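only geometry, no sequence info:
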């Protein structure tokens with residue numbers, strides 16, 4: 001399921017940008033913090049994602065990922081440029097395509113290739129239009145498939161990207177807090193969109209057109225609870241505030257069921273470019289310890305292999 005939240009500088013206690021995410025996955029599925037160094041690749045190199053192979057970028061950024069063990073991609077992570085991304089499952093009226101890129105693949109690709117939040121957004125949408133999204137999102141359940149939304153942030157701005165098949169719309173976050181859960185939330189307020197939506201004189205209502213079950217946010221939903229908790233804390237939000245929201249049971253944001261919160265992440269981005277990240281590396285943020293994870297010093301090398309971090 002998942003919940004992803006961001007607070008921009010007007011809402012935080014110290015003028016930073018603070019990001020947080022719970023990764024809700026099938027109970028018992030393992031997830032670990034992984035570091036992948038930046039790398040330079042040979043021309044015409046190919047990249048094997050979970051289901052398909054695509055052209056590799058010439059250079060990639062170093063990334064910290066909270067990575068599901070069987071996946072190439074990840075549900076949340078950061079790069080050494082100060083970009084952070086979290087994704088959400090969304091169910092839409094658009095048909096599910098054949099196995100292609102998962103949302104988790106798109107997230108990692110956006111981090112490895114993007115230098116800013118806006119650049120990462122463009123990379124994800126270009127890859128989505130080129131290769132599509134599809135394939136089983138659970139290791140032992142071929143029927144568990146979905147489309148994706150993303151919250152993408154850096155130290156200056158944040159974007160929401162929502163998708164339905166190869167269609168997509170984005171919203172630059174202009175309010176001081178924003179959260180996404182498992183539904184489409186972009187209506188006619190999109191700043192960028194796929195070309196198939198540029199038809200006719202009227203602006204397309206993205207959620208109304210694509211949301212399975214309707215565009216309205218259900219009363220009492222995790223989406224509604226997350227918004228309320230962020231708004232109530234505006235002006236004084238810290239990393240502890242975000243960790244507390246991720247650990248909240250009344251809202252259902254901290255999940256204990258057949259789907260459980262298997263890992264959590266809180267990130268802090270300072271105006272001067274400093275970044276700090278805390279990950280649980282274990283289920284249930286109400287019980288697990290948020291441990292700080294840093295980007296190691298590295299020597300850039302081709303075809304870099306992962307290094308699991310001790311957190």
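On my side now, so go ahead. The structure presented is a predicted model; accordingly, all values stated were derived computationally and were not measured.

what's the pLDDT at residue 304?
In this model, residue 304 is scored at 48, pLDDT.

for residue 308, same thing?
45.

quick one: buried residues of the helix ranked longest in the chain?
Counting by DSSP state H, the longest helix found in the chain is helix 117-131. Under the neighbour-count criterion of 16 or more other C-beta atoms under 10 Å, helix 117-131 has 117, 118, 119, 120, 121, 122, 123, 124, 125, 127, 128, 131 buried. For every residue, glycine as well, the C-beta is placed using N, CA and C.

one more: stretch 5-12?
5, 6, 7, 8, 9, 11, 12.

so which residue of this structure lies furthest out from the middle?
Going by C-alpha atoms, centre = their mean, the residue of the chain most distant from its centre is residue 201, 32.4 Å out.

for the nearest residue to residue 114 once chain neighbours are set aside, what are its contacts?
Residue nearest to residue 114 in three dimensions, not counting chain neighbours: residue 120, with 2.9 Å by C-beta to C-beta, 6 or more residues apart in numbering. Neighbour list for residue 120: 83, 85, 110, 111, 113, 114, 152 [criterion: C-beta atoms under 8 Å, 6 or more residues apart in numbering].

got a winner among the residues you listed for most neighbours?
residue 85 (33 neighbours; other C-beta atoms under 10 Å).

host element of it?
strand 84-90 (DSSP states H and E).

report the angle between that strand and helix 117-131.
Orientation check (axes from the mean of the first three to the mean of the last three C-alpha atoms, to 10 degrees): strand 84-90 against helix 117-131 gives 40 degrees.

what's strand 84-90 in contact with?
Counting by C-beta under 8 Å, 6+ apart, 1-4, 19, 21, 75-78, 103-104, 106-107, 110-111, 120, 137, 146-154, 162-164, 180-184, 211, 265, 267, 269 sit against strand 84-90.

how about a cut-off of 6 Å?
2, 4, 19, 21, 75-76, 78, 103, 107, 110-111, 146-153, 180, 182, 184, 267 (C-beta atoms under 6 Å, 6 or more residues apart in numbering).

and the buried residues of stretch 5-12, which two are furthest apart?
Maximum pairwise distance in the buried residues of stretch 5-12, criterion C-beta to C-beta, is 15.0 Å, between 5 and 9.

pLDDT weak spots in the stretch 201-311 of the chain?
The model of the stretch 201-311 of the chain has pLDDT under 70 over residues 298-311.

one more time with 90
201-203, 213-219, 257-259, 281-283, 297-311 (pLDDT under 90).

the strands in it, which residues?
259-269, 275-279, 291-293, 307-308 (DSSP state E, counting those that start in this stretch).

do the stretch 51-200 of the chain as well
53-55, 59-60, 63-68, 76-79, 84-90, 147-153, 158-164, 167-172, 177-180, 192-193.

residue 220 is nearest to which of the ones you listed?
strand 177-180 (14.9 Å).

distance from the chain centre to the closest one, please.
A distance of 12 Å separates the centroid of the chain from that of strand 177-180, by C-alpha atoms, centre = their mean, to the nearest Å.

that strand - contacts with which helices or strands?
Contacts defined by 3 or more C-beta pairs under 6 Å, 6 or more residues apart in numbering; DSSP states H and E place strand 177-180 against strand 3-7, helix 222-232.

now for the ones you listed, which one comes closest to residue 274?
strand 3-7 (16.7 Å).

what's the angle between that closest one and strand 259-269?
Using the same axes, to 10 degrees: strand 3-7 against strand 259-269 is 20 degrees.

what pairs with the next helix or strand after strand 3-7, parallel or antiparallel?
Following strand 3-7 in sequence order, the next helix or strand is strand 17-26 (DSSP H and E). Using DSSP bridges, the strands paired with strand 17-26 are strand 3-7 (antiparallel), strand 259-269 (antiparallel).

by how many degrees do strand 17-26 and strand 158-164 diverge?
30 degrees.

which element follows strand 17-26 toward the C-terminus?
Moving toward the C-terminus from strand 17-26, the next helix or strand (DSSP H and E) is strand 31-36.

name all residues that make contact with residue 10.
residue 176.
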